[in-house]
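A.B. asks: Build me a structure from this.
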Amino acid sequence: MITNLLKRPWYPAVLQWLSVALFVPIVGYLLFGPAAKDNHANLLVWLVWWPLLCVLFILAGRIWCGICPFSKVSDGIQHLAGLRRAVPEFLKSHGVWLILIAFVLLSWLEETRGILDSPRQTAVLLLTILTGAIAFGLFFQGRTWCRYVCPIGGLSQVYSRGALLKIRNQEALCADCNTKDCVVPDQQYAGCPMQLSPFAMDTVANCNLCGGCVKRCMHGSLHVRLEAPSQDLAAESPMAPVVLWLVACLTGLIGFLNSLESSRLPLEAWIEQSGYPILLKTLLMALALGASWWLLRLSSRLAAGPQASLMSPAAWMALGARPLIPSCCSVTWAMWAWSSGRTAATCWRPWRRCSRPPAWPCPACGERSGRATSTSFLSGWV
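C.D. replies: Residues are numbered from 1 along each chain as shown. Got it, this is the predicted structure:
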């Protein structure tokens, strides 16, 4: 059924135009609407779209990259005036490091500048991503920005290996195919936008389920299959060490944000009263990231011996635990919200702001000033 959906002539164009149609008024309201953090567009971005990405990552990997408004605008610019230059080797080998740096920077800005509480800063963030997509679409072929630089694309690349829905091929049919229509461009088809070879694809980490190759395959070899999340992790496919860095980064940031927002550990209150909040938050974030990386190395060595490398099976098993991060944190948040909504009689955070989500007013102070974080899709409300 899903394979037939990808073969429809209107897919993914209709969904892409729909996302563009929603993106324009949202950014407009972020720029020109109320400046308060309860701006409806701001809530829609961080409380609806951002958590929805988590669900999409787990179900279908990088499918958002196939219907993203940024990539649609980039495709249009590339079609009209694109230079279509080859992707530089630097981006192929080091592009994911740029994603890691951007993600850490976003998390740092979130805690030090309150970027997610500001509709204007949220709009600037979205427009910055759009500008990058347009610039890369103007100079390079395919969706270079999506695959090698985009922070959202980098996160989806990590989680897509554990997705449930994946495009697979039948090796026997592909071996007998002499035309390779799934990769050969013509006037109607520019080739895989992610620059993949579907007939020889051993991992779906970069597949955005755009359906182009499925439509082009004349032998019915390519199809969408429901798989166990561990199957792609067990495949012998190359993986850059930076991907493990990104996993460790996500884990460390969740621990960092939870420590700041804990109602029983008034760490943030002490930091705010110290007179050096930016410096202390930066040091605490660095400590959390370093501790997470050290724990990843330690678990790998305990499982496979002191000479184990980060590409060892033990490290791969660490990647297999990624779906537990959003699941456990979401369950934790749900239990916290349910219990606190029934039993709390006083504001848990009188020294700064109530930590409840906007839909959960504090029974003592009546505030609806909870806020989401840049890892909302991983940790819910932390």
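
A.B. asks: now what about the helix or strand harbouring residue 122, what contacts it?
C.D. replies: If you go by DSSP states H and E, residue 122 is part of helix 119-139. Helix 119-139 is contacted by residues 23, 27, 29-31, 33-37, 39, 41-42, 45-46, 69-71, 73-75, 77-78, 81-83, 85, 106, 113-116, 143-146, 149-152 when judged by CB atoms under 8 Å, 6 or more residues apart in numbering. C-beta here means a position set from N, CA and C on the backbone, and glycine is covered the same way.

A.B. asks: Tell me which helix or strand comes right after it.
C.D. replies: Heading C-terminal from helix 119-139, the first helix or strand you meet, by DSSP H and E, is helix 144-148.

A.B. asks: residues in contact with that next one?
C.D. replies: Contacts for helix 144-148 (CB under 8 Å, 6+ apart): 65, 68, 70-71, 74, 87, 91-92, 95-96, 98-99, 132-133, 135-137, 153, 193-195, 206, 208.

A.B. asks: Off-centre distance for it?
C.D. replies: Centre-to-centre, helix 144-148 and its host chain are 13 Å apart (CA atoms, centre = their mean, to the nearest Å).

A.B. asks: what's the average pLDDT for it?
C.D. replies: In this model, helix 144-148 has a mean pLDDT of 91.

A.B. asks: Which neighbouring elements make contact with the next helix or strand after it?
C.D. replies: Downstream of helix 144-148, the next assigned helix or strand under DSSP H and E is helix 151-160. Under the contact criterion of 3 or more CB pairs under 8 Å, 6 or more residues apart in numbering; DSSP states H and E, helix 151-160 touches helix 50-60, helix 63-67, helix 89-113, helix 144-148, helix 241-261.

A.B. asks: switch the cut-off to 10 Å
C.D. replies: Counting contacts by 3 or more CB pairs under 10 Å, 6 or more residues apart in numbering; DSSP states H and E, helix 151-160 packs against helix 50-60, helix 63-67, helix 69-81, helix 89-113, helix 119-139, helix 144-148, helix 241-261, helix 376-379.

A.B. asks: Arrange the ones you listed in CSV, one row each, with distance to residue 180 and mean neighbour count as further columns.
C.D. replies: Output for those, formatted as CSV (distance: least, CB to CB, whole Å; neighbours: other CB atoms under 10 Å):
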stretch, distance to residue 180, mean neighbour count
helix 50-60, 25, 18
helix 63-67, 21, 23
helix 69-81, 23, 19
helix 89-113, 22, 16
helix 119-139, 25, 18
helix 144-148, 21, 26
helix 241-261, 29, 21
helix 376-379, 36, 24
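
A.B. asks: closest to residue 9 out of these?
C.D. replies: With respect to residue 9, and counting by CB to CB, the nearest of those is helix 63-67 at 15.2 Å.

A.B. asks: still on that earlier bit, looking at the helices and strands packed on helix 151-160, which is closest to residue 162?
C.D. replies: helix 50-60 (7.2 Å).

A.B. asks: I'd like to know the average pLDDT value across that closest one.
C.D. replies: 88.

A.B. asks: Stretch 71-78 too?
C.D. replies: Mean predicted confidence for stretch 71-78 is 93.

A.B. asks: which other residues reach that stretch?
C.D. replies: 12-13, 15-20, 23, 64-66, 68, 82, 84, 130, 132-146, 150, 153, 190, 193, 208, 210 (CB atoms under 10 Å, 6 or more residues apart in numbering).

A.B. asks: closest one to residue 217 among the helices and strands packed on helix 151-160?
C.D. replies: Here helix 63-67 is closest among the helices and strands packed on helix 151-160 (CB to CB), at 16.9 Å.

A.B. asks: now what about the closest one, what contacts it?
C.D. replies: 6, 11-20, 49, 52-53, 56-57, 60, 71-72, 143, 146-147, 150, 152-153, 156-157, 160, 163, 165, 193-194, 206-212.

A.B. asks: can you do 7 Å?
C.D. replies: 12, 15-16, 19, 53, 56, 71, 146, 153, 156, 208-210 (CB atoms under 7 Å, 6 or more residues apart in numbering).

A.B. asks: Just put the residues you listed in TSV and tack on distance to residue 174.
C.D. replies: Formatted as TSV, the contacts of helix 63-67 follow (distance: CB to CB, whole Å):
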residue	distance to residue 174
12	23
15	28
16	28
19	32
53	32
56	28
71	27
146	25
153	26
156	26
208	20
209	19
210	19
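
A.B. asks: which of the residues you listed lies closest to residue 257?
C.D. replies: Of these, the one sitting nearest to residue 257 (CB to CB) turns out to be residue 53, at 17.1 Å.

A.B. asks: ok, which stretches of the stretch 151-300 of the chain are strands?
C.D. replies: 165-168, 223-226 (DSSP state E, counting those that start in this stretch).
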